[in-house]
Each structure stands twice: as C-alpha cells, then as structure tokens.
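>>> sequence unknown, structure follows:
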C-alpha cells in the first residue's frame, strides 16, 4: 500500500514531457513509466503492467476575507426630556359649562348655545425620572356661543366667557420608536372670572331703549384641574411638537360677587318690556348665590423645547 501511494505522489511531481522510469521500491521492484499522455501512466511490479489513471488536483490559494463591518442596529429615538422642557400651546374646542339657552326667533322658542372657543397657554416641566416630569401650566381661554335672536325685537344675542387657570401636576411619557405618547394630570385654580351676555336690539324696542344691552355675571376662584393625552413628535435634538386632547373641569360660585345689568331686558312679555340697569350682589344678606361649572374639551397643538 505504501508503495502505491508513493507512486501517486511521485506522479504528481513529475514535470518531464518525455517517458521516464522511476524505481520506487527496490524490494518490490515497482516501476512507474510516464507515457507522455495527460492522464495515463504504466505501473510495473516486475511481472505485469497495470494502467493507472491519475487525476491531477489543483490547489487554489485565496486571500483571507476582509472583515465586514456590521453597523449596530439603530436605537429608538428617545423624545423624552432628560432634564426638563418648556412649551407654548394653542387649542380650540367646545365649552360644556353652565350656559343659558338662546332665543331662536319666535317668542318662547329656544336653542342650545353651542359654545366654542380657543385657548393659549404655556407649560414648563422638570424631569424626576425618565418618563415622569413635574409640570406647571398657565392658560387663558375664551369661548363664545352662537347667536340667537327674537323676531322684531332682538337682532342678536350672544354669550361669552373669559378665564385664566393655573395648575400643577405630572406628565408621563411612553417612548415609541419615534416620538412618545404623553399623558398629563394636573390640579389647580381658576382665577376669578365673568360671563357676559351681549344683546343688540332692533325695531321699535331699539328706538325705545337703545340698541345695546348687556349682563355680566362675576364668579370667584374655582377649583379643579385638567387631563391631557396626546402624541409628541421630536424635531431634531431639541425642539418638538405635540398634538393633544385636553379636558378641563373647574367648579366655582358667585358668593360675594355681582350681577351687573346694563340696559338689559329681563322680561319681553310685558308691555313695554322690562328693562333693568343696576347690579345685584350675592351672598349673606343678599341674593341667593349660585355655582358655575367651567368644562371644556379642546384639541391642542404644542411647540416646545426639551433639554
């Protein structure tokens, strides 16, 4: 067996084009004869000749593969503020507070006021831990009802409410692959505010009492808060915008406050209609106080900076 293997290795190293004999083993008298052909050689063992087919093998050396740089997977962009944030807000929506129905043309015909309005504000926050921030918020809001009328007497009547709120609370973030979901809860006060009804008279009534009248109701400090839920979209590494739904609820009352009437018709059924100019104070020793609830829900857009 050793002799045969030696024959094969000897053949692979042979480079001569002409036939030649090589004695591999003196004891066994094995002789290899190259015929000059590409594949055939003759192996002689002293007695017989045997054709052996030799297959040439080629060794190919390849250069080591260059290392491939694998880029790390992109990490989600964390939009949450690391230290704190400041933002300015604007909103528009519906007011659900206590409002009087409006006259709808014919006497004793009424319609819902449908009070819509806007709000502007500012919020600042300081991060406690990743995903939670303490916040303080100021907001100014104004809402107006649609216009009512009374045929032949009132061309238009419309109510409005202005108020300022200051609250403090917490904002919570849930990070997303880009941006974050945010929610906010806050408690605070509604500063003293007033509601107003403005009336524009027409026809004979306007000639009798004048063209305009008003009623103003004052209310003291209210207590309540707001809830907010929305999506925060980062703009670069510092700025961001967010779209939120915000609900506010405050309860107030008018003890110690006034109702001011200026050329205001309190009864249209009398002849002539009852017109009052003056004020009424509510509370101990005066008229019975009433409460007023300020409730609104608005779609809010915010623009801010985080740091």
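That came in fine, so what should we check first? Bear in mind the structure is a predicted one, so any value in this text is a computation, not a measurement.
>>> Assess the claim that residue 254 and residue 289 are in contact.
Yes - counting by CB atoms under 8 Å, residue 289 is a contact partner of residue 254 at 5.4 Å. (C-beta placed from N, C-alpha, C; glycine too.)
>>> who's more crowded, those two?
A direct count of neighbours by other CB atoms under 10 Å for residue 254 and residue 289 places residue 254 higher, at 23 against 16.
>>> phi, psi of that one?
phi -120, psi 20 (degrees, to the nearest 10).
>>> contacting residues for it?
For residue 254, the contact set (CB atoms under 8 Å, 6 or more residues apart in numbering) comprises 217, 218, 219, 220, 282, 289, 290, 291, 292.
>>> Now flag whichever of these is closest to residue 114.
Of all the contacts of residue 254, residue 114 sits closest to residue 292, with 18.1 Å by CB to CB.
>>> What strand or helix carries the closest one?
strand 291-306 (DSSP states H and E).
>>> From the contact counts, what lies against that strand?
strand 84-95, strand 115-129, strand 222-235, strand 239-253 (3 or more CB pairs under 8 Å, 6 or more residues apart in numbering; DSSP states H and E).
>>> sorry, back to before: which among the contacts of residue 254 gets closest to residue 246?
Relative to residue 246, the closest of these is residue 292; by CB to CB it sits at 20.1 Å.
>>> Could you measure from that closest one over to residue 110?
Distance of residue 292 to residue 110, given as CB to CB, to the nearest Å: 20 Å.
>>> do the same with residue 147
Taken as CB to CB, the span from residue 147 to residue 110 is 14 Å.
>>> now do residue 258
Distance of residue 258 to residue 110, given as CB to CB: 26 Å.
>>> higher neighbour count, those two?
residue 258 (17 against 13).
>>> Just want the phi and psi numbers for the more buried one.
Here residue 258 shows phi and psi, under degrees, to the nearest 10, equal to phi -120, psi 160.
>>> okay, it: pLDDT?
pLDDT for residue 258: 94.
>>> Ok, residue 269 next?
At residue 269, the model reports a pLDDT of 85.
>>> One more: residue 37?
As predicted, residue 37 sits at a pLDDT of 53.
>>> Can you list the buried residues in stretch 223-240?
By 16 or more other CB atoms under 10 Å, the buried positions in stretch 223-240 come out as 224, 225, 226, 228, 230, 232, 234, 240.
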